[in-house]
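Engineer: fold the following and give me the result.
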Amino acid sequence: MSAHRPAAKAPLGSAKRIVVKVGSALLVDQETGRLNRTWLETLIADLLRLRERNQQVILVSSGAIALGRRQLKLAKGPLRLEESQAAAAVGQIRLAHAYKELLEEKGVTVAQVLLNRLDFGMSLPDAIAAPRLSQRNTATTQTEAAFLGTPEAAALEARGQKFMVSTGTAAEIGAATGIEFLGDGKALAAAEPVRRGGGSAMAISAARLRSAPRAHAGGRPAHSRTPGARAAVR
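Structural biologist: Sure thing, here's the model as predicted:
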């Protein structure tokens, strides 16, 4: 009779669906800014083993900005918002192609899924105002206090997710302004109602802008909105 107890079944072994999150530090060489292809090939091999066990695999991947900044020859250090957006747009193409190339070599078709507010049934103003959280590849997830009262937080906690509430200057995660093109020449602009003291947003047609009266020096702009206001115009 063996003195060893049978090993308990690993949680990953019994899971029907496994979500794998990959950070930029692993995907991209920090010195050269190039894709760490050898590491990525190892990751793909691990993911394929999960598929062979009839488990669904969802890969959440960072790396687009890190790859794009090298292509655009952006300097090291923090990036301005417009630089991050440009780097993400350029790097996303290269990142998706790398996954496609390696997976299709193994006979696996890869698809990219983008989630946005429409998937959650939210309007643009509601999406901007909603509580936020930020995952930085750590054991806990940084979150605004208001997020803890949401059904999403309860569902994540039930699955073992741990949260750390932001305080002080980090109590508010980011600040956003958005514009949505509605069709028929209309657009909806939205800004933060509370974060950073609230913002203002406005959408106006080029024709109206050209015909608008000019504000005198030291006066208010011809078109303005109070903090957090939204406007849909032709």
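Engineer: what about residue 67, how many neighbours?
Structural biologist: 25 (other Cβ atoms under 10 Å). C-betas here are computed from N, CA, C, even on glycine.
Engineer: what about this structure, any weak spots by pLDDT?
Structural biologist: Low-confidence segments of the chain (pLDDT under 70): 1-11, 137, 205-234.
Engineer: how long is stretch 149-163 from one end to the other?
Structural biologist: When the termini of stretch 149-163 are compared using Cα to Cα, to the nearest Å, they are 12 Å apart.
Engineer: in that stretch, what counts as buried?
Structural biologist: Residues of stretch 149-163 classed as buried by neighbour count (16 or more other Cβ atoms under 10 Å): 153, 156, 161, 163.
Engineer: equivalent analysis for stretch 181-197, please.
Structural biologist: Those would be 187, 188, 189, 190, 191, 192, 195, for stretch 181-197 by 16+ other Cβ under 10 Å.
Engineer: before we move on, what about stretch 59-66?
Structural biologist: 59, 61, 62, 63, 64, 65, 66.
Engineer: what does it contact?
Structural biologist: The contact list for stretch 59-66 (Cβ atoms under 8 Å, 6 or more residues apart in numbering) reads 19-24, 27-28, 33, 35, 47, 79, 84, 87-88, 91-92, 95, 99.
Engineer: likewise stretch 167-181?
Structural biologist: For stretch 167-181, the external contacting residues (Cβ under 8 Å, 6+ apart) are 124, 127-128, 132-134, 142-145, 166, 187-192, 195-196, 199, 201, 203.
Engineer: just give me how far that stretch sits from the chain centre.
Structural biologist: Mean C-alpha position of stretch 167-181 versus that of the full chain (Cα atoms, centre = their mean, to the nearest Å) differs by 13 Å.
Engineer: what does stretch 57-64 give?
Structural biologist: Centroid separation for stretch 57-64 versus its chain: 11 Å, with Cα atoms, centre = their mean.
Engineer: now the buried residues of stretch 181-197 as TSV including distance to residue 40 and secondary structure?
Structural biologist: Putting the buried residues of stretch 181-197 into TSV (distance: Cβ to Cβ, whole Å; DSSP: H, G, I helix; E, B strand; the rest coil) gives the following:
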residue	distance to residue 40	secondary structure
187	40	strand
188	40	strand
189	40	strand
190	38	strand
191	39	strand
192	37	coil
195	36	helix
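Engineer: now for the residues you listed, which pair is the farthest apart?
Structural biologist: 187 and 195 (22.2 Å; Cβ to Cβ).
Engineer: give the buried residues for the longest helix along the chain.
Structural biologist: Criterion DSSP state H: the longest helix present in the chain is helix 81-104. Of all the residues in helix 81-104, those buried under the rule 16+ other Cβ under 10 Å are 83-84, 86-88, 90-92, 95, 98-99, 102-103.
Engineer: can you list contacts of that helix?
Structural biologist: By Cβ under 8 Å, 6+ apart, helix 81-104 touches 27, 35, 37, 40-41, 44, 59, 61, 63-69, 71-72, 74, 79, 109-110, 112.
Engineer: output it as PDB - backbone C-alpha positions only.
Structural biologist: Only the C-alpha atoms of helix 81-104 are listed here, as PDB (Å, rounded to 0.1, in the frame of the first residue of the first chain):
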ATOM      1  CA  LEU A  81      -1.900  60.600 -24.600                       C
ATOM      2  CA  GLU A  82      -1.600  61.100 -28.400                       C
ATOM      3  CA  GLU A  83       1.700  59.200 -28.500                       C
ATOM      4  CA  SER A  84       0.200  56.300 -26.600                       C
ATOM      5  CA  GLN A  85      -2.800  56.200 -29.000                       C
ATOM      6  CA  ALA A  86      -0.500  56.300 -32.100                       C
ATOM      7  CA  ALA A  87       1.800  53.600 -30.600                       C
ATOM      8  CA  ALA A  88      -1.200  51.400 -29.800                       C
ATOM      9  CA  ALA A  89      -2.700  51.700 -33.300                       C
ATOM     10  CA  VAL A  90       0.700  50.800 -34.900                       C
ATOM     11  CA  GLY A  91       1.600  48.100 -32.500                       C
ATOM     12  CA  GLN A  92      -1.800  46.300 -32.400                       C
ATOM     13  CA  ILE A  93      -1.400  45.300 -36.100                       C
ATOM     14  CA  ARG A  94       2.000  43.800 -35.400                       C
ATOM     15  CA  LEU A  95       0.900  42.000 -32.200                       C
ATOM     16  CA  ALA A  96      -2.200  40.500 -33.800                       C
ATOM     17  CA  HIS A  97      -0.100  39.300 -36.800                       C
ATOM     18  CA  ALA A  98       2.400  37.600 -34.500                       C
ATOM     19  CA  TYR A  99      -0.300  35.600 -32.800                       C
ATOM     20  CA  LYS A 100      -2.000  34.800 -36.100                       C
ATOM     21  CA  GLU A 101       1.300  33.600 -37.600                       C
ATOM     22  CA  LEU A 102       2.300  31.400 -34.700                       C
ATOM     23  CA  LEU A 103      -1.100  29.900 -34.100                       C
ATOM     24  CA  GLU A 104      -1.900  29.200 -37.800                       C
END
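Engineer: I'm done for today, thanks for sticking with me.
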